[in-house]
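K.L.:
the amino acid sequence is not available; the structure is as follows:
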């Protein structure tokens, strides 16, 4: 069977630009949640966010120009496009694949984003609101498909393009589907992952739902009060195990994934977590692995009362007594909740946990909650050999995805 | 082999697939002057729109529930109610984890997204409406369909501009082929909002006169809206339960080109690739009908015409459902269902509405309806969907004649 191996990774995050800095931040338990500068948050109850503050697109632009065709336009990019392109060029170069020697029709681009160029749309709308007439160029990058198209265009890929937009599980699902495409032989290489930029609409949306913590989020902590929004991108180069083009040892392999729906509520998760546990079990079954094989779970762990309890229940329902023996951490405590990019950024954390033999912690965790009583790897990372890890993503509307990553076979 | 066993549609001709069949048979376009107050929108020319006429969600779902949902979500949910009833599947009797919803939308609930943001501009951070925010996510439609029927299996939403519903359909078929579900509701929905009209107006792509794809006198597209749901099952399962089978998915092809955003692949290379992949996977050399993607913009119309010529020569008859309904990003499943319903129920391929003189030569653009050979038992169609930014999708179907 054609398996999917991961040979290139690129990341932009609040705790570091580039995979190396990202991993260092995760390993050291650095919290990237702080003041936001991309728009004014002073009127909101929850003012903090995990902004990719160190992000400078200029360095990436030079790298992209080495690949992009003449006439590639950099002047209409949304922030989501820039974050995504920066992570993509890092992933492509990290893989070491010479794409000029590969049939471009055999390279697909499958990505996830929740808001896409929402911020560009907001600027367009604000100008209309204030002056009555907007600038249409701002809409070039409005939809979530924009960064998928731009990555395809910049690198000259000609295979299938697809964008998944299911709010907080978008990029997890994209990665799962990318694996399907490799398995079925519809492409030899897939560029997959996700990108998301902070935006006023989502920032005020979660505030209006009273779902934002006023201090950096505290997933699974008894005193947790909600999420901290974040932004970033993580992009992967995945290849068919049968047609390897990269000479690198893969970071990890993509296993199976599970995809279920709560069919419960527009925003709240179903408290028992039955559909989530089903997604977890599907991911393991489709990877041919059992409960005892899982060495780490990167939780969705948003820091809301409802999510963390439902997810804890889901893990217990899937693993039974063994749930207490598996380290479960929420890296959102460091990088914030990156919505459509969250699944990809957390998959990167799980992949690196396998690759480096270190489990990243749940930062900001102080007070245990009797209802959430698993091993959440508080504050400090932990050395451990991880052969297989799960990454969970639970979205608005009850769209649940669990993807399995494993050590290269 | 994957079969289509249920169809539900809310189109500019009105609710229900029968209004669409009657409308296309009449030969008159569905779009026209708006029924609803559009004074809030900056909209050019005569303001032609393809609004879903006489749409009353309360005849499909409880009024209290309808009040909370956006127009896009309502179009999706109501078409799902029609499609599931049409399929004859009793959703209360199946394992909820064995049925899925795989949906496509381009812009989703633009009215809610815009309304929520304008609330922020007008009233500040503490003045936004928390009831509206959940409807701003593109997956609201698929989630609400799942809630309507208690469906807990695979659920996801593709949002890739003009190929959103084609990606959804192909993925839904893959899930069934992989045995990950026994039935899937697929399709797409989109709403017209004042915000969207203002945006289209600023982009100068809207026709003041009507939508005339492939015509020398084309002047841009007419924005439209709608919801279409299609129930898919494995052919063997559908046959076993004695379901009515509208059509079988024969093959799908996807490709792309390095095209700028808001432009179409003028080389047509990605379009030809997608059509070739779909026909090859379906084992076909020709089709009885191509349901074209052309949206009355010069770039797309001409490139598609040339790509069709390249792949099929001048043999394949070409029609355009968009010439009747107008255009929106998630209209692929609607165009597919409309074409196959005309072929199956009316035994014909409808002509391109109001086509005068076509710009490209050597393509068989239908000016009159084409009667199909009912004795053949089946005919083949190809749905084309080509997106701005350079993505291409083609889906080949074997339509079972009535």
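P.N.:
Okay, I see it. Values in this document were obtained by computation on a predicted structure and should not be read as measured data.
K.L.:
point out where the chain drops to low pLDDT.
P.N.:
All of this is about chain A. For chain A, no stretch is flagged by pLDDT under 70.
K.L.:
sorry, should have said chain B
P.N.:
Within chain B, the segments meeting pLDDT under 70 span B:43-46.
K.L.:
and the strands in it, which stretches?
P.N.:
Along chain B, counting by DSSP state E, strands occupy B:2-11, B:14-15, B:99-104, B:155-158, B:183-190, B:226-234, B:247-256, B:289-291, B:317-319, B:348-349, B:364-365, B:370-371, B:378-386, B:391-400.
K.L.:
make JSON lines out of those and add distance to residue A:321 and mean neighbour count.
P.N.:
C-beta here means a position set from N, CA and C on the backbone, and glycine is covered the same way. Shown next, in JSON lines, are the strands of chain B (distance: least, C-beta to C-beta, whole Å; neighbours: other C-beta atoms under 10 Å in any protein chain shown):
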{"stretch": "strand B:2-11", "distance to residue A:321": "41", "mean neighbour count": "27"}
{"stretch": "strand B:14-15", "distance to residue A:321": "53", "mean neighbour count": "20"}
{"stretch": "strand B:99-104", "distance to residue A:321": "31", "mean neighbour count": "32"}
{"stretch": "strand B:155-158", "distance to residue A:321": "30", "mean neighbour count": "33"}
{"stretch": "strand B:183-190", "distance to residue A:321": "35", "mean neighbour count": "32"}
{"stretch": "strand B:226-234", "distance to residue A:321": "38", "mean neighbour count": "29"}
{"stretch": "strand B:247-256", "distance to residue A:321": "45", "mean neighbour count": "25"}
{"stretch": "strand B:289-291", "distance to residue A:321": "56", "mean neighbour count": "28"}
{"stretch": "strand B:317-319", "distance to residue A:321": "62", "mean neighbour count": "25"}
{"stretch": "strand B:348-349", "distance to residue A:321": "62", "mean neighbour count": "21"}
{"stretch": "strand B:364-365", "distance to residue A:321": "68", "mean neighbour count": "22"}
{"stretch": "strand B:370-371", "distance to residue A:321": "66", "mean neighbour count": "14"}
{"stretch": "strand B:378-386", "distance to residue A:321": "50", "mean neighbour count": "25"}
{"stretch": "strand B:391-400", "distance to residue A:321": "48", "mean neighbour count": "28"}
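K.L.:
and these as JSON lines, adding distance to residue A:371?
P.N.:
Formatted as JSON lines, the strands of chain B follow (distance: least, C-beta to C-beta, whole Å):
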{"stretch": "strand B:2-11", "distance to residue A:371": "42"}
{"stretch": "strand B:14-15", "distance to residue A:371": "46"}
{"stretch": "strand B:99-104", "distance to residue A:371": "31"}
{"stretch": "strand B:155-158", "distance to residue A:371": "27"}
{"stretch": "strand B:183-190", "distance to residue A:371": "35"}
{"stretch": "strand B:226-234", "distance to residue A:371": "39"}
{"stretch": "strand B:247-256", "distance to residue A:371": "46"}
{"stretch": "strand B:289-291", "distance to residue A:371": "54"}
{"stretch": "strand B:317-319", "distance to residue A:371": "60"}
{"stretch": "strand B:348-349", "distance to residue A:371": "61"}
{"stretch": "strand B:364-365", "distance to residue A:371": "66"}
{"stretch": "strand B:370-371", "distance to residue A:371": "66"}
{"stretch": "strand B:378-386", "distance to residue A:371": "48"}
{"stretch": "strand B:391-400", "distance to residue A:371": "46"}
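K.L.:
kindly report the residues of the stretch 251-400 of chain B close to chain A.
P.N.:
Within the stretch 251-400 of chain B, the positions adjacent to chain A are B:254-262, B:269-270, B:273, B:387, B:389-391 by C-beta under 8 Å from any C-beta of the partner chain.
K.L.:
go again with 10 Å.
P.N.:
Contacts of the stretch 251-400 of chain B with chain A, taken as C-beta under 10 Å from any C-beta of the partner chain, map to B:252-263, B:265, B:269-270, B:273-274, B:277, B:329, B:387-393.
K.L.:
can you give me the helices for chain B?
P.N.:
For chain B, the helices defined by DSSP state H cover B:17-26, B:63-68, B:71-87, B:110-123, B:140-149, B:164-177, B:194-203, B:235-240, B:269-282, B:298-312, B:322-325, B:332-345.
K.L.:
gap between the longest one and the chain center?
P.N.:
Read that as helix B:71-87. 13 Å (C-alpha atoms, centre = their mean, to the nearest Å).
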